[in-house]
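1. make a model of this:
(2 chains)
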Amino acid sequence: MSAPSAVSPAIPTPARPVSAWVLAQLGSIVGPQHVLSDRGALRTYASDALATFAVEPGVVVLPASTAEVAEVVKVARSAGLPVVPRGSGTGLSGGALPVPGCVLVGLSRMKRILEVDLANRWMRVEPGVINLDVSKRIAPDGYYYAPDPSSQSVCSIGGNLAENSGGAHCLKYGFTVNHVLAARLVTYDGTVVDLGSAVPDTPGFDVLGVLVGSEGLVGIVTEVTLRILRKPEATRTFFATFPSTTEAGHCVSEIIGSGIIPAAIEMMDRLAIEAAKAATGLDWPDVGAALLMDVDGPLAEAEHTSQKAVELARRTGALEVRVPKDEDERLLMWKGRKSAFAAVGRISPNYLVQDGVIPRTAIAEVLAEISRLSQKDGLRVANVFHAGDGNLHPLVLFDAKRPGEEQRAEALAGEILRICLRHGGSITGEHGVGADKAPYMGEMFSEADLDTMARVRCAFDPEQRFNPGKVFPTPRLCGDRPGIYSPHPAELSGLAERV
Amino acid sequence: MAVLALPATPADAILGVPPTRVFRPASLDEAEEAVREIARDGLRLAFVGGGTELDLGAPPSALDAVLYTTGLGRVLEYAPLDQIVTVEAGVPLAALQARLRGEQQMLALDPPWAERATVGGVVATNAFGPRRTRYGAVRDLIIGVTLVRADGTRAKGGGKVVKNVAGFDLPKLMVGSLGSLGLIGTVTFRLHPLAETSSTVLFPQVTPVAAGRLVLEMYAAQLEAGAVAALWTDRGVEVGCRFEGFEAGVRQQRDRLSSIAQKLQMPAEVLDGSSADGFWRRHTAAREAPASLRAKIASQPAESPQAAAEAWAILREALQAPRAVLYPTLGLGFVAGDVPEAGALILAIARARAALALHGGHLILHAAPAQVRGQTDVWGPAPAATFLFRRLKDALDPEHRLAVGRLVGGL
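-> Down below sits the predicted model:
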């Protein structure tokens, strides 16, 4: 999201300055003008889009090439400093949150499109290229890049790789990991290695599959080969309203159960509709729930499936079905959906975005549970989500000016994740674990699961140079069994809390 | 609950390397127990499912025990409305598909030998068939895994929801691993609805260049083929393009491809529904027929007809009853045949690899006589990332006891 959770921004942990030697070394690699160490710059980079967390980095460095990134990593290593990679900083889980004293490597200067091969349907880009710019470049030829996170006009491909970003259309087309053919990686000791290939089935382990979604913990990606797709011949969209999320959820199940694979199917509840209307001026009615759905493909296929889906919507209790009369109206409908997060700012001073996943068939039940929690805690929750794959984005509304309300909102958001886990789901569908959800990893995975994942991480980065403190709930050393957790004295005395 | 070790027979050998004992656990608990026992004894171990792709990879450099997964045969959870299924590794693919068909669904993987191939084996060997064009490969369909590590630790990755980015992607790490990082115990897949209908446009006699042109024309016309396969024999090349989906869309696409064929002056036949079975049976027969050599060839998709034609021209000279299948949308194919004389074939493989390399491609031997294996690396040149493969092996199987030496780079 470009305008993320408008929670009260945290006051950043002040910088632990890096040495003059490090500054000089970095300056000699990237040019002194691309090394930022003044207080204002450090503050600017203290948070990503999850503004509740803020830590000033030791230094910000903006390299322009693979070779520069490798040299920067070597300097950080010889100085014993952690390295945190950052793309556009639009992440919602604190994945690009600095750790104290780190070298923050911003990749925004590496934004060249290096090569386009339409016949073989791939494109090689630098990590700072903006998601939407990939599709823009090849649109005149009738091609596009499928993953479309709501922040696609500002988020970077490198960040997409780190988080394995999804978007509304991943129900049919898959996530970032399904659209990355190869990547160039700088590892903890400055080694540069190519993973994957534009030619399929290179022998060996699927290290590329591990890299995508590793949240900046295994290295820095400096080049990416993306799969690009031929645009579908036709897209058909409809917007349907329902008395409540129960009927809308039933409609989703019926459509998918009928053999249709929608390109996207999104649900909004009453509060989310209200917010989207306030932000965009759309003339959506005041109803309990709405679905926005795309089907695409060859013309006759898209026509047939959209007709069938509309019938199913009517049969499952739709109050009204609207079909956009032209592409402009279609885009407006989607704008309403994609701006829903930010739009919530119109109806609440502050809010938290959650990102849980549940089996699609549990939607009605889980929404009812969330609603009960919301009433019990006296906090409003707006729901806007990718209904086709059960990826909920509950928005917990609160007013930070009221004492204790932010803490209650955070507790409620956490409870929602636990509901998702009880229904066999996941704590994150597309935003990543990052700093935010690391404490919940132990509720989704066993110690043995986490140990196995930590071993994989250590195979890439035995020094844990990259993004330490993210994803894993407890610190662990490579080559060691993790120690048994013992509470800090301050926790026992109630002075501090382990979140 | 000690799991009985049984004495091995010659039939338990993997590429001629015999184990001394075998284990046939009947549940994941028993399998875990067996792996622990094997770990205590420091034995070198390999996992075997249906045994359909056992010849893929190098022979194990050391082997004490084989653990058969065929006793892990339960479907643990099937949620048709959520379109996911969790199965134990030893479930044969065809048996799973039969169960899913009852709900008008499928696992969109169609590798050869589906009657015998187990889902664990399909994951471990990254096996695939023509559907890969539309639905992707194993890595695109696997969403969860339970594995048993070399030390007997049971761990899971992923989950049972399709959209999930929590934690490192252990399921993908298992794909193509040949069991060298752990036992694949259970697998969760995303499923797809069965298509209402299908239609195949058959091009009975084409040149490789024309096959390539055809694929590009299909993209240009925004046709979305579900599968494209070219069958190569000494008599020539035939190509089948299959469309799947709802009746209206299938009919329209089939008719458009027929018009494109007319424009290109390529004779074509339309085979609706089951009338195309003959072609697809020939396709499966070409993949499954016994052959002492089977090689997978890969290149960039748009160059694959040309690259395959070059590799074919070289390899057929050294093979009896040569045949090949090419998936031109994927850039992947298989060449197979019998080997009258190993020396000639070794030279031919080297030349075919050089020809494919000019297209950025490679060749992997899925089956080859021992004399050929002795003198050529079945994987070809190790990729630059091999040092990472080694570190992953060190991390998850530190004593190097699982499927030792089977993988690229001698891992």
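2. residues contacting B:Pro322?
-> Contacts for B:Pro322 (C-beta atoms under 8 Å, 6 or more residues apart in numbering or on different chains) come out as B:Thr233, B:Asp234, B:Trp312, B:Leu315, B:Arg316, B:Val335, B:Ala336, B:Gly337. In this view, the C-beta of every residue, glycine as well, is placed from N, C-alpha and C.
3. again but with B:Gly73, I slipped
-> Contacts for B:Gly73 (C-beta under 8 Å, 6+ apart) come out as B:Glu88, B:Gly90, B:Val91.
4. export those as a markdown table, with columns for secondary structure and neighbour count.
-> Output for the contacts of B:Gly73, formatted as a markdown table (DSSP: H, G, I helix; E, B strand; the rest coil; neighbours: other C-beta atoms under 10 Å in any protein chain shown):
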| residue | secondary structure | neighbour count |
| --- | --- | --- |
| B:Glu88 | strand | 24 |
| B:Gly90 | coil | 26 |
| B:Val91 | coil | 24 |
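5. and the pLDDT at whichever residue of chain A sits closest to chain B?
-> Nearest to chain B, among the residues of chain A, is A:Glu301, at 2.7 Å (C-beta to the nearest C-beta). A:Glu301 carries a pLDDT score of 96 in this model.
6. B:Gly249 is in contact with that one, correct?
-> Yes - A:Glu301 lies in contact with B:Gly249 (C-beta atoms under 8 Å); the separation is 2.7 Å.
7. the two: which is more packed in?
-> A:Glu301 (27 against 24; other C-beta atoms under 10 Å in any protein chain shown).
8. list just the nearest of the contacts of B:Gly73 to A:Asp117.
-> Ranked by distance to A:Asp117 (C-beta to C-beta), the contacts of B:Gly73 are led by B:Val91 at 39.5 Å.
9. thinking again about what came up before, so which of the contacts of B:Pro322 belong to helices?
-> Secondary structure assignment by DSSP state H places B:Trp312, B:Leu315, B:Arg316 of those in helices.
10. would you mind giving these as JSON lines with neighbour count, distance to chain A and pLDDT added?
-> Converted to JSON lines, the ones in helices among the contacts of B:Pro322 look like this (neighbours: other C-beta atoms under 10 Å in any protein chain shown; distance: C-beta to the nearest C-beta, whole Å; pLDDT from 0 to 100):
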{"residue": "B:Trp312", "neighbour count": "23", "distance to chain A": "18", "pLDDT": "96"}
{"residue": "B:Leu315", "neighbour count": "24", "distance to chain A": "18", "pLDDT": "97"}
{"residue": "B:Arg316", "neighbour count": "19", "distance to chain A": "22", "pLDDT": "96"}
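11. surely A:Glu274 meets A:Val287?
-> No - assessed by C-beta under 8 Å, A:Glu274 is found out of contact with A:Val287, at 10.0 Å.
12. which ones are touching the closest residue in space to B:Arg99 that isn't next to it in sequence?
-> Leaving out its chain neighbours, the residue that sits closest to B:Arg99 by C-beta to C-beta, 6 or more residues apart in numbering or on different chains is B:Val75, at 6.2 Å. Contact analysis of B:Val75 by C-beta under 8 Å, 6+ apart lists B:Val85, B:Thr86, B:Val87, B:Glu88, B:Val91, B:Leu96, B:Arg99.
13. the residues you listed in strands, which ones?
-> B:Val85, B:Thr86, B:Val87, B:Glu88 (DSSP state E).
14. ok, those residues vs chain A, which is closest?
-> Nearest to chain A among these is B:Thr86, at 10.2 Å by C-beta to the nearest C-beta.
15. correct me, but that closest one touches B:Leu76?
-> Yes - in this structure B:Thr86 lies within contact range of B:Leu76 using C-beta under 8 Å: 4.5 Å.
16. walking through the stretch 151-300 of chain B, point out its helices one by one.
-> Under the criterion DSSP state H, counting those that start in this stretch, helices of the stretch 151-300 of chain B are mapped to B:170-174, B:208-220, B:247-263, B:277-288.
17. most tightly packed of those?
-> Mean neighbour count (mean count of other C-beta atoms under 10 Å in any protein chain shown) peaks for helix B:170-174 among those, with a mean of 27.
18. count residues in the vicinity of B:Glu103, would you?
-> A count of nearby residues for B:Glu103, using other C-beta under 10 Å, gives 17.
19. nearest to chain A: which residue in the stretch 51-200 of chain B?
-> Taking C-beta to the nearest C-beta, chain A has its nearest neighbour within the stretch 51-200 of chain B at B:Lys172, 3.2 Å off.
20. what about that residue, distance to B:Val187?
-> Here B:Lys172 is placed at a distance of 12 Å from B:Val187 (C-beta to C-beta, to the nearest Å).
21. are there residues contacting both of the two? Which ones?
-> Taking C-beta under 8 Å, 6+ apart as the contact rule, B:Lys172 and B:Val187 both touch B:Ile142.
22. which ones are touching residue 34?
-> Reading this off chain A. Contacts of A:His34 (C-beta under 8 Å, 6+ apart): A:Val61, A:Leu62, A:Pro63, A:Ala64, A:Arg109.
23. the intended chain is chain B.
-> For B:Ala34, the contact set (C-beta under 8 Å, 6+ apart) comprises B:Val3, B:Ala5, B:Phe23, B:Pro25, B:Leu67.
24. the third one contacts B:Thr69, doesn't it?
-> No - applying C-beta under 8 Å as the test, B:Phe23 and B:Thr69 come out as separate, 9.9 Å apart.
25. got any residues that touch both of the two?
-> Shared contacts of B:Phe23 and B:Thr69 (C-beta under 8 Å, 6+ apart): B:Ala31.
26. surely A:Glu126 meets A:Glu223?
-> Yes - at 6.2 Å, A:Glu126 counts as touching A:Glu223 under the criterion of C-beta under 8 Å.
27. quickly list what's touching both of the two.
-> The contact sets of A:Glu126 and A:Glu223 overlap at A:Leu114 (C-beta under 8 Å, 6+ apart).
28. and B:Ser292, how many neighbours?
-> 19.
29. distance of the most far-flung residue of chain B relative to its centre relative to B:Glu217?
-> Centroid-distance maximum for chain B: B:Lys263 at 35.7 Å, with C-alpha atoms, centre = their mean. As judged by C-beta to C-beta, B:Lys263 and B:Glu217 stand 8 Å apart.
30. buried sites along stretch B:91-111?
-> For stretch B:91-111, burial by neighbour count (16 or more other C-beta atoms under 10 Å in any protein chain shown) applies to B:91-93, B:95-97, B:99-100, B:103, B:105-111.
31. who in the stretch 301-411 of chain B is up against chain A?
-> Within the stretch 301-411 of chain B, the positions near chain A by C-beta under 8 Å from any C-beta of the partner chain are B:301-303, B:330-332, B:360-362, B:364, B:379-380, B:382-389, B:391-392, B:394-396, B:407-409.
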